[in-house]
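J.: Okay, sequence plus prediction incoming.
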Amino acid sequence: MTENDDDEILLRMATEADLEAVVAIERASFQEPPWSWRSFASLLDDPYARFKVACDARAGIVTGYIVTWIIVEDAEIANLAVAPDWRARGVGGRLLDAAVAEAVTSGVRRLHLEVRESNRAAQLLYGSRGFVAVGRRKNYYRSQLRTHSFSAAL
Ligand SMILES: CC(C)(COP(=O)(O)OP(=O)(O)OC[C@H]1O[C@@H](n2cnc3c(N)ncnc32)[C@H](O)[C@@H]1OP(=O)(O)O)[C@@H](O)C(=O)NCCC(=O)NCCS
């Protein structure tokens, strides 16, 4: 990633106007039942949810999003995706860094997440940000998928 790329990634809280783009990215990113427009819409006024989008300053489009649940000292990265054409340009890393920074500001001590065992890109991303694998689960997402549980102390 160049310094220039970094400058072009804008992060902000999601609004209703972003939902169409977010749902399109969600559908392009996940096979297991993707979150619906209504699921994302419900986050907009949920006091425990932090829902951010990344936008490309030049193209003026939403390129990714992250959803974090914050409950007192614990938080979970519940969803993170970057549009396929915008991957490997630093967007996912910026979203994760912003979510971690917000969690720290909110007094969170530990961040958790689940990632599919086969999802190497996501595991590398989380590993690059200090998350460590703490266990494995089966049948996550109500499917036969195996996942790794990752955790980071803040
Ligand atoms: C996982 C995902 C969010 C990563 O987003 P991204 O914008 O491509 O990631 P970045 O470009 O910010 O990469 C950040 C770090 O992650 C790692 N990484 C990400 N994708 C990688 C890949 N395909 N191969 C190797 N490393 C990768 C690298 O360590 C990278 O560090 P670097 O900046 O030093 O190279 C994106 O691939 C995605 O949306 N995948 C589909 C949805 C998904 O799996 N979400 C996570 C669910 S747990």
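T.: That came in fine, so what should we check first?

J.: and the residue nearest to residue 154 when sequence neighbours are not counted, what element?
T.: In space, and not counting its chain neighbours, residue 154 is closest to residue 104: 5.2 Å by Cβ to Cβ, 6 or more residues apart in numbering. In this view, the C-beta of every residue, glycine as well, is placed from N, C-alpha and C. Assessed by DSSP states H and E, residue 104 sits inside helix 91-105.

J.: got the buried residues for that helix?
T.: Residues 91, 92, 93, 94, 95, 96, 98, 99, 100, 102, 103 are the ones in helix 91-105 that count as buried (16 or more other Cβ atoms under 10 Å).

J.: Poorly predicted segments of this protein, please.
T.: Scanning the chain for pLDDT under 70 picks out the ranges 1-6, 139-144.

J.: Give the bridge partners for residue 112, please.
T.: On the basis of DSSP bridges, residue 112 is bridged to residue 76, residue 151.

J.: Tell me which residues touch it, please.
T.: Contacts for residue 112 (Cβ atoms under 8 Å, 6 or more residues apart in numbering) come out as 74, 75, 76, 77, 149, 150, 151.

J.: Give me the residues contacting the helix holding residue 104.
T.: By Cβ under 8 Å, 6+ apart, helix 91-105 touches 1, 6, 9, 11, 50, 52, 54, 63-66, 68, 70, 75, 77, 80, 82, 111, 125-126, 128-129, 152, 154.

J.: tally of neighbours for residue 18?
T.: 21 (other Cβ atoms under 10 Å).

J.: That one: what secondary structure?
T.: Look at residue 18: counting by DSSP: H, G, I helix; E, B strand; the rest coil, its state is helix.

J.: Now do the contacts for it.
T.: Residue 18 sits next to 53, 62, 65 when contact means Cβ under 8 Å, 6+ apart.

J.: again, only using 6 Å
T.: Under the criterion of Cβ atoms under 6 Å, 6 or more residues apart in numbering, the contact partners of residue 18 comprise 53, 62.

J.: Can we start the residue count at 57 from this point?
T.: Sure, I'll start numbering at 57, so the last one becomes residue 74.

J.: For the ligand, see how far away it is.
T.: According to Cβ to the nearest ligand atom, to the nearest Å, residue 74 and the ligand sit 16 Å apart.

J.: again, but for residue 188
T.: 15 Å.

J.: what pairs with that residue across the strands?
T.: Beta-bridge partners, per DSSP bridges, of residue 188: residue 207.

J.: State the number of residues packed around it.
T.: For residue 188, using other Cβ under 10 Å, the count is 12.
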